[in-house]
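Colleague: Next come a sequence and a model predicted from it.
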Amino acid sequence: MMRDIAELGADFSTSITVNPDRLKILDKVRTIDTDWLCILSPQPQVLPRYLVITRTLSADVWIFLLVTITVWGVCLWGLQRAESRLSGRRSESFGESICYGWAAIVDHPPNPPSNLSGQVLVGWLLIGTLLISSCFKSSLVANLTVENKEKPIDSYEGLVKKVNWKWGVEKFFLTGAPLLYFSQNPDPVIQFIYNHTESMVGDLGLEKVRGGRYSFLSTFNRISYFLGVLYSDTFGRHPFYVSKSRYRISSDIGLGIRKGAPFLRRFSQLVHRLAEAGILSHWIKDVLQGRISEDRKLYRQKMKEGNVASTEGTSNAAFAQSLEDEREVVLKMEHFLGLYLVFLCGLGMAMITFLVELYFAFRHLGK
């Protein structure tokens with residue numbers, strides 16, 4: 001097209017990327033709205049149900065509770081020891097003081113200490129454990145009512161953080177002017193994506209995404225076309241997730257007019273009016289929906305004739321699985337597997353403690 005304009009064989013070019021060399025033969029370029037780059041990934045899966053008990057609180061909250069209760073138990077033991085030396089009364093052992101805090105968290109605290117300082121310390125602990133216990137129970141109910149899913153891939157950063165994950169880019173993005181967006185971008189995240197990406201056409205990219213643990217980068221309208229024609233059922237359901245974040249590849253894509261074209265002023269005014277009235281964006285959506293509808297009918301006709309394989313079953317199966325995940329949750333054994341793991345860990349720690357006690361007991365008897 002640029003050669004035709006340079007040789008005066010054409011007056012007008014649509015959707016070109018501006019650079020200094022092209023501006024030598026183009027009299028004016030009006031920037032137009034370009035399609036946005038987005039990330040297509042598989043639908044987020046439900047998190048393992050056996051972690052529902054530990055997932056009610058975040059990891060830092062669990063660590064905070066462990067450290068706080070341990071420090072509180074040490075403080076209670078120290079106060080009891082100091083009071084015992086002054087009054088001569090028996091004080092709780094170190095183990096009893098530590099277990100007191102954990103018993104208070106599960107709403108079964110033992111009798112409070114006899115000294116006033118210990119009672120004050122226990123009183124403040126009971127206030128804190130009341131709040132913690134209420135938060136834990138409400139969070140547990142919420143997690144059992146609506147099960148959590150994996151965090152969807154909504155940005156470049158979320159894509160590169162995925163473990164054992166691959167991605168590909170639409171083939172034409174790695175050629176010509178769009179290649180500069182990836183190859184010369186100063187953002188290290190985009191550079192990492194570019195260095196580890198695969199190049200392929202759109203329908204092949206969607207097939208790899210459907211296989212799992214794969215994402216595909218393409219323009220939103222192009223992805224919408226493939227989803228509407230190949231993978232969506234009559235209700236528009238499909239087994240994919242389209243990122244909410246959209247990225248502009250280039251802001252210098254526009255309409256090119258050769259130098260000295262007599263219709264430049266009138267043409268620019270007309271395009272400006274259409275853009276400000278919102279007609280251009282409406283035309284794009286209308287044309288896209290019409291193309292999807294026509295090609296969808298053609299694709300279904302080919303499926304009936306047996307010329308192409310059907311992909312609709314996959315979308316229906318994925319939607320059925322999403323309904324299965326979102327319906328009312330019935331408690332199963334897998335929900336309590338995390339609790340059993342906690343019991344096993346406690347049993348293991350008790351056995352280790354018992355062996356340590358046996359070691360010191362035999363050592364004492366040997367002396």
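Modeller: That came in fine, so what should we check first? Numbers count the residues shown, from 1 in each chain.

Colleague: which residues of the stretch 101-250 of the chain fall in helices?
Modeller: 116-145, 156-160, 179-183, 188-195, 202-210, 220-226 (DSSP state H, counting those that start in this stretch).

Colleague: Tell me which of those lies nearest to Glu334.
Modeller: helix 116-145 (12.2 Å; C-beta to C-beta). In short, each C-beta sits where N, CA and C put it, glycine included.

Colleague: For stretch 210-223, list the C-alpha coordinates in CSV.
Modeller: Extracted in CSV, the C-alpha atoms of stretch 210-223 (Å, rounded to 0.1, in the frame of the first residue of the first chain):
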residue,chain,number,x,y,z
ARG,A,210,-8.5,-24.9,25.8
GLY,A,211,-5.8,-27.6,26.5
GLY,A,212,-5.0,-25.8,29.8
ARG,A,213,-2.1,-24.0,31.5
TYR,A,214,-1.8,-21.7,28.5
SER,A,215,-2.7,-18.1,27.6
PHE,A,216,-3.0,-16.3,24.3
LEU,A,217,-2.6,-12.6,23.6
SER,A,218,-4.6,-11.1,20.8
THR,A,219,-6.9,-8.2,20.1
PHE,A,220,-10.3,-8.1,21.8
ASN,A,221,-12.4,-8.0,18.6
ARG,A,222,-10.5,-10.9,17.1
ILE,A,223,-10.9,-13.0,20.2
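
Colleague: ok, Asp107 touching Ser133?
Modeller: Yes - between Asp107 and Ser133 a contact is recorded at 5.9 Å, counting by C-beta atoms under 8 Å.

Colleague: more neighbours, those two?
Modeller: Between Asp107 and Ser133, Ser133 has the larger neighbour count (other C-beta atoms under 10 Å), namely 14 against 11.

Colleague: tell me which element the residue nearest to Phe240 when sequence neighbours are not counted falls in.
Modeller: Spatial nearest neighbour of Phe240, excluding adjacent residues (C-beta to C-beta, 6 or more residues apart in numbering): Leu40 at 5.6 Å. Per DSSP states H and E: Leu40 is located in strand 37-42.

Colleague: where does the stretch 201-350 of the chain have low pLDDT?
Modeller: 250-253, 307-331, 335 (pLDDT under 70).

Colleague: now the strands: where do they sit in it?
Modeller: 214-219, 240-242, 253-258 (DSSP state E, counting those that start in this stretch).

Colleague: Tell me which of the ones you listed lies nearest to Arg85.
Modeller: strand 240-242 (65.0 Å).
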